[in-house]
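Participant: predicted model follows, preceded by the sequence.
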Amino acid sequence: MSNESTTSKSEDFDDGRMPTQAAGVHKTIRSEGEKELSRTVSALFWSALAAGMSMSFSMLAKGLLTFHLPDSGVGYLVASLGYTIGFLIVILARQQLFTENTVTAVLPLMSEPRFSKLLCLLRLWGTVLIGNLLGTAIAAYAIIAMPVFDSETHQVFLGLGKHLLENDSGMMFAKGVFAGWLIATMVWLLPAAGQAKIGVILIITYLVAIGGFTHIIVGSTEVLYLVFDGKVSFGVYLIDFVLPVLGGNVVGGTFIFALISHAQIRSDK
């Protein structure tokens, strides 16, 4: 009886179910990536523009919570929950977000490396990134220009951007790697999350917030707010923030996580 039980457990362990489950997630994400690559530039751009504007709610929510909470460690942890709001809106609304939808589009290229797919991937990346950044610029300008918040709240919003720019280029890049990796991890988890999708989004993006990791779209709203208020130049935004953070997000989300995840599936075959 004991030998039969041991044999059964051994067969259960070796029947390939774990690789199959991983391959199933890989297939789902790859299929989503194929759909994204086939979308028109117009559809990608408008969805990305909406996502960039929606991500401004991360800055708004975090800033408003910061304003109403004491300046303490507990206050920081609670205020960081606001960071997750933009991600919840964008992901649940299935808008195009750089580092989220763009990660899924890498797997089709890895599965079937072709020059035509590389061009489609670069088209997707470029369109989504431009749409996202333009959306954050519109949102940041609107928050400043519209008479919605008082001067004290305005100072809190400025403080978020100033705190972000305290990182040097090396720190921007390194923290961007971690943010890209975490967002890519979230993308990998979501297909199997079922009813727990909101929980997965909250946990992963909250970790990005409390870790102070840099995300190209969320951070753009914060730094562009400084630009439109005249506190820093556009050159500072581009050179000190965009270039290192974009590089870090791409390395962390694409060249590390996506490559390793794809290699795992290839090794199971």
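Facilitator: Nice, I can see it. Numbers count the residues shown, from 1 in each chain.

Participant: can you tell me how far the closest residue to Leu65 other than its chain neighbours is from Pro244?
Facilitator: Nearest residue to Leu65, sequence neighbours excluded (Cβ to Cβ, 6 or more residues apart in numbering): Ala79, at 4.0 Å. C-beta here means a position set from N, CA and C on the backbone, and glycine is covered the same way. Between Ala79 and Pro244 the distance, using Cβ to Cβ, to the nearest Å, works out to 25 Å.

Participant: ok, Ser72 next?
Facilitator: If you go by Cβ to Cβ, the gap between Ser72 and Pro244 works out to 30 Å.

Participant: can you pull out the low-pLDDT segments for this structure?
Facilitator: Within the chain, the set of residues satisfying pLDDT under 70 comprises 1-26, 102, 256-269.

Participant: as a check, name the ranges of all helices in the stretch 101-250 of the chain.
Facilitator: Under the criterion DSSP state H, counting those that start in this stretch, the stretch 101-250 of the chain carries helices at the ranges 101-104, 106-111, 115-145, 151-164, 169-193, 197-210, 216-228, 234-236, 243-250.

Participant: the third one packs against which elements?
Facilitator: Contacting helix 115-145 under the criterion 3 or more Cβ pairs under 8 Å, 6 or more residues apart in numbering; DSSP states H and E are the following elements: helix 17-38, helix 41-54, helix 56-68, helix 101-104, helix 106-111, helix 216-228.

Participant: Ile201 is nearest to which of the ones you listed?
Facilitator: Nearest of the helices and strands packed on helix 115-145 to Ile201, taken as Cβ to Cβ: helix 56-68 at 12.0 Å.

Participant: so what's the residue lying closest to Ser169 once chain neighbours are set aside up against?
Facilitator: Ranked by Cβ to Cβ, 6+ apart and with sequence neighbours excluded, the top spatial neighbour of Ser169 is Pro244, at 4.6 Å. Taking Cβ atoms under 8 Å, 6 or more residues apart in numbering as the criterion, Pro244 is in contact with 169-170, 172-173, 176.

Participant: and those residues, which of them are buried?
Facilitator: Buried positions within the contacts of Pro244, assessed by neighbour count (16 or more other Cβ atoms under 10 Å), are 172-173, 176.

Participant: these two touch, right, Gly180 and Gly253?
Facilitator: Yes: contact between Gly180 and Gly253 holds when scored by Cβ atoms under 8 Å: they sit 3.3 Å apart.

Participant: between those two, which one's more packed in?
Facilitator: In this comparison of Gly180 against Gly253, neighbours counted by other Cβ atoms under 10 Å, the higher total goes to Gly180 at 32 against 27.

Participant: for the more buried one, which residues are in contact?
Facilitator: For Gly180, the set of contacting residues under the criterion of Cβ under 8 Å, 6+ apart consists of 99, 248-254, 256-257.

Participant: dump these to TSV, plus distance to Phe45.
Facilitator: Formatted as TSV, the contacts of Gly180 follow (distance: Cβ to Cβ, whole Å):
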residue	distance to Phe45
Thr99	17
Gly248	24
Asn249	20
Val250	20
Val251	25
Gly252	25
Gly253	21
Thr254	21
Ile256	28
Phe257	26
